[in-house]
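S.K.: Give me the fold of what follows.
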Amino acid sequence: MFGEKAVELIRQLQRSPDGSLPPFNEDGIRQVLEEMRVLFEQNQADVNKTVEGAPGLFPGVQLRHAALERNKRCLLAYMYNRMERLRAMRWEFGSVLPPDIRYNLSEQEIQWFSRYNKSLATYMRSIGGPSGGGLDLTQDLKPPKSLYIEVRCLMDHGEFETDDGTILLLKKDSQHFLQRSQCEQLIRQGVLEHIL
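M.R.: Model (predicted):
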């Protein structure tokens, strides 16, 4: 039946849990594109026969054209939703994606993510006044209740220098009382966890 492979792409994406991205289904996309090519060629042949005077072929052309449109919408929805998830991951994980997510991306998606990082970084540098420092929009995604928070280190990370020059050694299971703005990126990367 027309459009089954395209709908399966959407189902595959929908089945994956939020915050994750299934592997890019290049074979599924190729199959949908091949189906679209075949439908288009059949339509071309039927239109040529209709122009020559063959009756009764127009309903088949309309059906195949509707299937072509549906396949196109499904492919666009698949790509758009993957891009939206990547955009959300940029805000969640920062400019470096975890290896398991990066492994599931196509080459074009990796290039898009890199260009999105550059655009976001350029924009953040451009705002924040003439002092030139810019404004990091990825900090404080949720309004903070206090400026300082207590955090626990989940893995050995090594030395960490705070804004005032203090050097802390982040070892597994060590606890620290730090400014939220200085450790939020490490919390998102999974190095630290906020102790409530």
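
S.K.: State the next helix or strand along the chain beyond the lowest-mean-pLDDT helix or strand in the chain.
M.R.: Ranking every helix and strand in the chain by mean pLDDT, DSSP states H and E puts helix 180-189 at the bottom, with a mean of 82. The helix or strand immediately downstream of helix 180-189 is strand 192-194, counting by DSSP states H and E.

S.K.: now for that following strand, which elements pack on it?
M.R.: Contacts defined by 3 or more C-beta pairs under 8 Å, 6 or more residues apart in numbering; DSSP states H and E place strand 192-194 against strand 148-153, helix 180-189. (Glycine included, C-beta is placed from N, CA and C.)

S.K.: can you give me the offset of the first one from its chain's centre?
M.R.: Which is strand 148-153. 29 Å (C-alpha atoms, centre = their mean, to the nearest Å).

S.K.: Pull out the buried residues from that strand.
M.R.: Of all the residues in strand 148-153, those buried under the rule 16 or more other C-beta atoms under 10 Å are 149, 151, 153.

S.K.: Flag the least confident of the residues you listed.
M.R.: Least confident of the buried residues of strand 148-153 in the model: residue 149, at 88.

S.K.: three-state assignment of the residue sitting furthest away from the middle of the chain?
M.R.: Ranking residues of the chain by C-alpha distance from their mean position (C-alpha atoms, centre = their mean) puts residue 53 at the top, at 50.2 Å. Per DSSP: H, G, I helix; E, B strand; the rest coil, the local secondary structure of residue 53 is coil.
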